[in-house]
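In: below is the sequence, then the predicted model.
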Amino acid sequence: MSNSNDLNHQPTRIDQFFPGLGARADRWRDLVQLAETWASDPREGAEVKVKSALTEMIPTEEFHAYPGSQLLSALWEHAENNEAREIANICRRVTRALLTRSYRQNDRNEDEADPSDEIAAEVMPPGLGSANAHRPYFEVLIVTGAPPARWPALGAEWRRLRRPQDPFIYEPVFVGSLEDAFCAAILNQDLAAVVIQEGFSVRSRNDAPILRSLAEAAIEPQAGVKATALRLADALKNVRPELDLYLVSTGQVEVTAGEPQADALRRVFYAVEELLELHLAILEGVQERNETPFFDNLKKYAQRPIGTFHALPIARGKSIFKSDWIRDMGEFYGPTLFLAESSATTGGLDSLLEPAGNIKKAQEKAARAFGSDHAFFVTNGTSTSNKMAVQALLAPGDIVLVDRNCHKSHHYGIVLAGAQPLYVEAFPMTEYSMYGAVPLRTIKKALLDLKADGRLHRAKMLDLTNCTFDGHIYNTRRVMEECLAIKPDLIFLWDEAWFGFARFSPFLRGRTAMGAANEIEAWLDDPQSVTAYERQQRELGDNPSNDTLLETRLVPDPRKVKLRVYHTHSTHKSMSALRQGSMLLVKDVEFPAVQAQFREAVFTHASTSPNQQLIASLDVARRQMELEGYGLVHNAIEVALAIRHAIATHPLISKYFRILPADKMIPVEFRESGFTDFLDPGTNWSTVRTSMRDDEFCLDPTRMTLVCGTAAYDGTQFKGLLAQNYNIQVNKTSRNSVLLQSNINNTRSDVAHLIRVLVEISRDIESRLSQGGPNAREAFDARVKSLMTDVPDLPNFSHFHDAFRHDAGGRTNEGDLRAAFYAAYDAAGCEYIKLADPEIDRRLREGPDLVSANFVIPYPPGFPIMVPGQVISRETIDFMRKLDVKEIHGYEAVRGLKLISPDALAARGIVPAPRHAA
Ligand SMILES: Cc1ncc(COP(=O)(O)O)c(C=O)c1O
């Protein structure tokens, strides 16, 4: 984070990973300081610094409507006239306008504006700036061949198109080249549409190598104007698919419009003769994203005088507002909540279970926004979305490869479906008592083992969590492609509970289920993919060994692939939806064939009384992300980077705390690009993109593992300390860490608060240590050692007992989870043994096997260390005994471990399953 007191600090480079609005404001504030230094002491050399800062900033500031060309030229003039005080004044106002976002309320007309004027609207609260102040604001990028000298006049022409009845207000921003257009799309978070007018050049008019490197990361300039326009459209769609793109051509628009690359365009116009049409099209395009069919109707519904003769007395709120006893609830929530409640599915409210009206439309919009073919709103959290997907797609006896550390909804879904889990293990991070993600090699090996056992046809699904709780992101495309090379119709269920927002980041999108599915779909359509497949087949030869297949990046046969991708996310975890708002997204070529069973799964799990407000919030969350998600996600990442930087560089905090960098979270063998961390000086747009594209695992920058064991706190203790003493809530904990998470809601004030608190806690440790003498130091060191070094080994899944493996293959570990789960319903067939009882050790040595009757899930770490039917190993017992957490679901300390008794197991008729050396 910038330190405005240090004029020698390096300002954030614009090609650095995710410079956001905050970084922009920082640069302006730095300029205030420099200009003031220059004003107070002209001999200090600040003049050179101011001029070089202006030279560096102006090319990118031109990508924004504010402060605009007149103010930027005024700054130059003041610099040339040595008017440092004036520069400081302007920069101060610009900083304030950026920070308060007041520039968005300003219906400016640059023709009339006097740049030296106070910019009144900058400091005005929303609604007071002008008659247009209530209208949402956005910016439109105009890529043009017109010379820059004409841009102000062209801008005036655009502004003259504004009408009082326009629902929104926008400012045009002009660029003259492909490079500048691409950079503007990345850097300007206010953009909602781009107008591409043929005749622009390829190279930036500024000689800015940083901009060039940004643009070159995504587009190779091509000869030919028309090709360039479509190429630009394609590049823009890749980074910001939500933007509406318009092409204005003087050529054969009929031909251009018919070209496949024109798919990226919303409309093609002939010349500029239809400027008003273009203006209306821009407004309509934004309006399409702005519409929230269900929420819009709900607002109307709440205004209507409706008599209710159905259940739900709370609807309309009369039972509340007339009551002496519960009126405070009405006062607390306000009347609208009750006016907007109904158990009816009429009046346009539609039915979540059989959507045919507004909910259907809202879901279609969500599907478009999130890049899927279908979207389903779910009002009972992703816990339910996962169970729906698992039940819809798996039948009894089907094998599902699943990360043992996945959320419990998957395990329970598998129990309900009667499918057989084949647990694949994530790489352990023993030092921090947590797991990473499942290596692709492990997944491929499981598939190849199934194949060797002649059971591959039973493997229906791969079910993984992306990203994991702690931030490990899969290379979703590579995982799917390589698995499809072994089993071309494998279904993928990606639990992206925490990762829904990633769709709106150009870095993260390719790593989402739908981002990758779209890329694979395009690849399947490309005739060259068959060639690539056949080439690899020739290279592999007949009957390649498993080792060869494990070592090779496998290419699937595009003619055989059936792309079947499902994604769930908790909209409420990363976007503006109410708690439990979740979505299930589908991109499945076989969906028509499974639609009926999918509906059954929805009927099984969905409440018949879904909450209207939840549905509305899903609709609204989609709207927000499509219109401002790009900037919001930038902000979340910027906040995370600020926290990471502040903790790493603070001399006191860094003595006791650290956030694990990417290279500590992801072993080197999974970081093929050599990426080490976001904070490394060499890290920039290009290195991050390479890592995101190539590496087996990446780290979500917004998920920060803060190690607190080095400050002698275990995770649970530290979480409690933050909550009770400082009103800071954090996410999950491990033995020696807590998970901090930034989201679209965080501000830099939150960062400042967190840093202050960490300083205070660090100071407190320092004073305890200095006042407590050697004893205090010894106790502290011992505690740190216990938390950081004496960590228990993480137990892998052992295997299912043979009683639950009757039809299993020899090489893999799947089992009948459902049968084991229901075995626990027979109380007489279960036994309890206390964890400390030496009987456990005797049974581990001499048998009979200890077989868990339950899921046992300690919090933290939150993954099941035992599942029903699992033979309990020495490692699992050791881990349990070392655990010092209080909350262990499925385990009652007073009774002990719940086991399926040897007699009950024998009664099931054990048929020892074949075992092959793997
Ligand atoms: C990976 C994962 N999937 C699913 C869920 C459940 O989501 P929800 O809380 O929306 O039911 C969680 C909850 O923490 C989770 O971590």
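Out: Perfect, I can see it now.

In: how far away is whatever residue of the chain ends up closest to the ligand from Ser607?
Out: Nearest residue of the chain to the ligand: Gly381, at 2.4 Å (C-beta to the nearest ligand atom). To be clear about C-beta, it is placed using only N, CA and C from the backbone, and glycine gets the same treatment. Using C-beta to C-beta, to the nearest Å, we find Gly381 at a distance of 11 Å from Ser607.

In: cool, and Phe670?
Out: 40 Å.

In: likewise Leu722?
Out: 34 Å.

In: measure stretch 313-320 end to end?
Out: End-to-end distance of stretch 313-320 (C-alpha to C-alpha, to the nearest Å): 9 Å.

In: which residues does it contact?
Out: 306, 308, 326-327, 329-330, 335, 337-339, 341-343 (C-beta atoms under 8 Å, 6 or more residues apart in numbering).

In: swap in 6 Å and give it another go.
Out: Thr308, Ile326, Met329, Gly330, Pro335, Phe338, Glu341, Ser342 (C-beta atoms under 6 Å, 6 or more residues apart in numbering).

In: tell me how far it lies from the chain's centre.
Out: Counting by C-alpha atoms, centre = their mean, to the nearest Å, stretch 313-320 is centred 38 Å from the centre of its parent chain.

In: near the ligand, which residues of this structure show up?
Out: Gly381, Thr382, Ser383, Asn386, His407, Ser409, Thr465, Phe469, Asp495, Ala497, Ser570, Ser582 (C-beta under 6 Å from any ligand atom).

In: by contact count, what packs against the one helix or strand the fourth one maps to?
Out: Taking DSSP states H and E as the definition, Asn386 sits inside helix 381-393. Of the remaining helices and strands, those touching helix 381-393 by 3 or more C-beta pairs under 6 Å, 6 or more residues apart in numbering; DSSP states H and E are helix 408-417, strand 491-495, strand 564-569, strand 582-588, helix 591-605.

In: quick one: average pLDDT of the helix or strand that it is followed by?
Out: Counting by DSSP H and E, the element after helix 381-393 in chain order, helix or strand, is strand 399-403. Strand 399-403 shows a mean pLDDT of 97.

In: partner strands of strand 399-403, with direction?
Out: strand 420-424 (parallel), strand 459-465 (parallel) (DSSP bridges).

In: out of these, deepest packed?
Out: strand 420-424 (a mean of 26; mean count of other C-beta atoms under 10 Å).

In: now it, how far from the centre of its chain.
Out: Counting by C-alpha atoms, centre = their mean, strand 420-424 comes out at 26 Å from the chain centroid.

In: residues touching the following helix or strand past that strand, excluding its own?
Out: Remark: after strand 420-424, the chain's next helix or strand is strand 428-429, criterion DSSP H and E. Residues from elsewhere that reach strand 428-429, judged by C-beta under 6 Å, 6+ apart: Tyr435, Gly436, Leu794.

In: could you report the distance from the closest residue in space to the second one that isn't next to it in sequence to Thr442?
Out: In space, Gly436 comes closest to Phe427 once its chain neighbours are excluded; the distance is 4.4 Å by C-beta to C-beta, 6 or more residues apart in numbering. Applying C-beta to C-beta, the value for Phe427 to Thr442 is 9 Å.

In: cool, Glu638 as well?
Out: 35 Å.

In: before we move on, what about Ala819?
Out: Following C-beta to C-beta, the distance that separates Ala819 from Thr442 is 26 Å.

In: same question, Ser873
Out: Ser873 is 19 Å from Thr442, by C-beta to C-beta.

In: quick one: which of the contacts of strand 428-429 has the most company?
Out: Tyr435 (24 neighbours; other C-beta atoms under 10 Å).

In: ok, it - contacts?
Out: Tyr435 neighbours (C-beta under 6 Å, 6+ apart): Asn405, Ala426, Pro428.

In: between Glu638 and Thr442, point out the one with more neighbours.
Out: Neighbour totals were compared for Glu638 and Thr442, and Glu638 leads with 26 against 16 (other C-beta under 10 Å).

In: more crowded one of Leu722 and Ser607?
Out: Set Leu722 next to Ser607 and count neighbours by other C-beta under 10 Å: Leu722 wins out with 22 against 12.

In: report the buried residues of whatever helix or strand the more buried one lives in.
Out: According to DSSP H and E, Leu722 maps onto helix 715-726. For helix 715-726, the neighbour count (16 or more other C-beta atoms under 10 Å) marks Gly715, Thr716, Phe718, Lys719, Leu721, Leu722 as buried.
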